[in-house]
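Q: predicted model and sequence follow; I will ask about them next.
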Amino acid sequence: MKRILSLGLALIVVSAGLLSLSACSSSSGEEAKEPTTVPAVYTESAVTVEKSSEEVLKYFNTILNNVKAEKPRMYYRFEKNVPNDSLKVTKVGQEEADVDSSLSAINDAAKAVKDLMLENIKENSGELAFGADNTDVLLVQGESFASKLTADDVKYATMTEVGDKYFITIEFDDITEEDAKEVLSKAFNLRDKADILNSEEFAKTKAYLELKDYSVVYSGCRIKATVNRLTNQIETVEYFKVANVTASATGKGTFEAHGDLSILFTLEDKSYYEMYWENEDPTSPLETTTAAPVVEATMTETAAAAQ
């Protein structure tokens, strides 16, 4: 028994010696240095910011409207699309039924007509220099504001924090054309019906169809934004508006024999923006300090209200 204990102690002594040699050899004869302590950096990963839709929207409105006031450098891209599987031409009163076999040819042709209508508006992109007026580019185009949304206008609004970013998501309920004038117009572009019926896009179809009227239900509309939470400056914002359209028309030319028709389709409308807040001109420094206290005050107030 004593022999076993002695052997065990010997192994421990040898192991300790090997570890000591190993430590010495790795330090090239120098004494091992104490590890330096790195100060902790504040980051949080995928943590939901506990704020109501009302608080999130108040913050979102402030920082987005500030884009129109401060005019950062901006990249923008607009896209419009009508998925082929959403396009359907039927006889009036048969909108919910399968397509009549007599209309197969006109349904095939409708896809080409749709592409003709969207030919020059499928995608449009560009850039604005720092300080350039963005009123006619950033939604709501032509207005001095970018958003006036309230909690009553949306399904919900959430804000998630990841590192030094806030990610804001705003979702809307399905909404009729009439109600959209009071709701979506606070953050989206909505064209007047008379303007659309007389638009350049529909003018291209006059040889085939006489468009009389249409109705719209907006479904799945949303806004997503990325914000630098350290500066309270919005970095990206993306709008997605989906319009489910039912139009009434009369066939003309080769389609005349079909008479009155209903045309159903979905129009997907996307607008995307990137904001760059650093002025590239060293002789003209960025002047955004006046708006920052307003946003910070807003965040302080909303945090207090949530407690």
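A: Thanks, I have the structure now. In this text the structure is predicted, and so the values were computed from the model without any measurement.
Q: all strands of the stretch 201-307 of the chain, in order?
A: Along the stretch 201-307 of the chain, counting by DSSP state E, counting those that start in this stretch, strands occupy 209-218, 222-228, 233-251, 260-276.
Q: what's the local residue count around the closest residue to Ser86 other than its chain neighbours?
A: Excluding the flanking residues, the one nearest Ser86 by CB to CB, 6 or more residues apart in numbering is Thr266, at 3.8 Å. To be clear about C-beta, it is placed using only N, CA and C from the backbone, and glycine gets the same treatment. For Thr266, the count of nearby residues is 16 (other CB atoms under 10 Å).
Q: state the distance from Thr266 to Ser147.
A: Per CB to CB, to the nearest Å, Thr266 is found 25 Å from Ser147.
Q: same question, Gly251
A: To Ser147, Gly251 is 42 Å away according to CB to CB.
Q: neighbours of Thr160, how many?
A: Thr160 is flanked by 15 other residues according to other CB under 10 Å.
Q: thinking again about what came up before, more neighbours, Gly251 and Ser147?
A: Counted by other CB under 10 Å, Gly251 and Ser147 do not tie: Ser147 has more neighbours, with 25 against 18.
Q: per-residue pLDDT, that one?
A: Per-residue pLDDT puts Ser147 at 98.
Q: so where does the residue lying closest to Arg229 once chain neighbours are set aside fall, helix or strand?
A: Take Arg229 and drop its neighbours on the chain: the residue closest to it by CB to CB, 6+ apart is Tyr166, 4.8 Å away. Tyr166 is part of strand 165-171 when elements are defined by DSSP states H and E.
Q: Lys241 and Ser219 touch, don't they?
A: No: using CB atoms under 8 Å, Lys241 makes no contact with Ser219, being 9.7 Å away.
Q: give me the more crowded residue out of the two.
A: Lys241 (24 against 14).
Q: quickly list what that one is bridged to.
A: Using DSSP bridges, the beta-bridge partners of Lys241 come out as Asp269.
Q: next up, the contacts around it.
A: The contact partners of Lys241, by CB atoms under 8 Å, 6 or more residues apart in numbering, come to 184, 188, 218, 221, 268-270.
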